[in-house]
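A.B. asks: Show me how the following folds:
(one chain, ligands or ions: 1)
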Amino acid sequence: MFKNRDVISILDFSREELERIFELAREMEAHGKKKINLLEGKILATAFFEPSTRTKLSFETAMLRLGGSVIGFSEVSGTSLAKGENLADTIRMLDAYSDIIVMRHSIEGAAKLASEVASVPVINAGDGSRNHPTQAMLDLYTIWRELGSIDGQSVALLGDLRYGRAATSLIYGLTKFNVKRIYLISPPLLRPRQEIMDFLKKQAVEIKEGENLGEVIGEIDVLYATRIQKERFPDPSEYEKVRGSYRIDLEVLEKAKDGLIIMHPLPKVDEIDLRVDSTKFARYFKQAAYGVPVRMAIISLLLGAGGD
Ligand code: NCD
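C.D. replies: Sure thing, here's the model as predicted:
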């Protein structure tokens, strides 16, 4: 079911497959920080053409905990790409050196291209504004772990729903489950792109759009906040118009459900008041920590070491 597959979009995975990943991640979690020698002798290559902290480090941690090794780069300036080598040639080399490739790129479709060139599995660790499938998997896992199920939940996504690939991928992922409702809360300039709205129209899921978190805070079980993706704005003056346009503070949380969880793919900038970090609602640091067991599950399944 998983062996040798590429992970390009969350849409390529069925609900059953996602649940298989969650169950294995839960087992991985039980090992804590102990190393298990499931992938001894295997090499994971990271090819990061865009900045990353959590995604890159959690993939590396996951591989090391599985007993494997890691190679890779995160600075194009340190590679032959700076000498003009094309992407396909770089990927061909990583394909020869490693057993699995994790790649992040600013161009949509770059991971797909890499997967066509490479014979080893390629994991898309974010390409452009649309896909970041393993982030969506760990986000869904966080909801599943923290609330017991994804079905029946009311999930609000807040912020940059236009350029944010984490938000877009989570929207795609949520449609695999029977959520009660998805709320899309953003300033008009940051509303989801038409292709996403068109996709949602074809799904059996109730959508509510709005601009004001205060109006819906009492109805939701999950609040997924995002950073404005400044670097993806084609026009910097557009960014200036939306800068600081939303923020989660203690006041808005007064009306929240008791069991609300607040998530964020991180990095957060100023969209969450720092005082929210120590409330019972905050789950974003735990969410980031779940990235390791979820990625351990994904890597071992793709390398045929996690069962079928
Ligand atoms: C996100 C990304 O790179 O898309 N970060 C992440 O992987 N956790 C979100 C972001 O950069 O805002």
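
A.B. asks: And stretch 94-106, how far out from the chain middle?
C.D. replies: 18 Å (C-alpha atoms, centre = their mean, to the nearest Å).

A.B. asks: I'd like the distance between the nearest residue to Gly214 once chain neighbours are set aside and Asp273.
C.D. replies: In space, and not counting its chain neighbours, Gly214 is closest to Val252: 5.4 Å by C-beta to C-beta, 6 or more residues apart in numbering. Yep, even glycine has a C-beta here, placed from its N, CA and C like the rest. Distance of Val252 to Asp273, given as C-beta to C-beta, to the nearest Å: 9 Å.

A.B. asks: quick one, strands of the stretch 151-300 of the chain?
C.D. replies: For the stretch 151-300 of the chain, the strands defined by DSSP state E, counting those that start in this stretch cover 154-158, 181-185, 207-210, 222-225, 261-263.

A.B. asks: Just say which of the ones you listed is most tucked in.
C.D. replies: Highest mean neighbour count among the strands of the stretch 151-300 of the chain (mean count of other C-beta atoms under 10 Å): strand 222-225, with a mean of 27.

A.B. asks: Can you name the residues in contact with that one?
C.D. replies: Strand 222-225 is contacted by residues 139, 143, 147, 153-159, 167, 170, 213, 217, 248, 256, 260-264, 268, 271-272, 281 when judged by C-beta atoms under 8 Å, 6 or more residues apart in numbering.

A.B. asks: pull the CA atoms of that strand into CSV?
C.D. replies: In CSV, the C-alpha atoms belonging to strand 222-225 read as follows (Å, rounded to 0.1, in the frame of the first residue of the first chain):
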residue,chain,number,x,y,z
VAL,A,222,-10.2,23.6,16.4
LEU,A,223,-8.7,27.0,15.5
TYR,A,224,-5.9,26.7,13.0
ALA,A,225,-4.0,30.0,12.7
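
A.B. asks: Is there contact, residue-wise, from that strand to the ligand?
C.D. replies: No: shown here: strand 222-225 not in contact with the ligand (C-beta under 6 Å from any ligand atom), separated by at least 10.2 Å.

A.B. asks: Paired strands for that strand, with orientation please.
C.D. replies: Strand 222-225 has the following strand partners under DSSP bridges: strand 154-158 (parallel), strand 261-263 (parallel).
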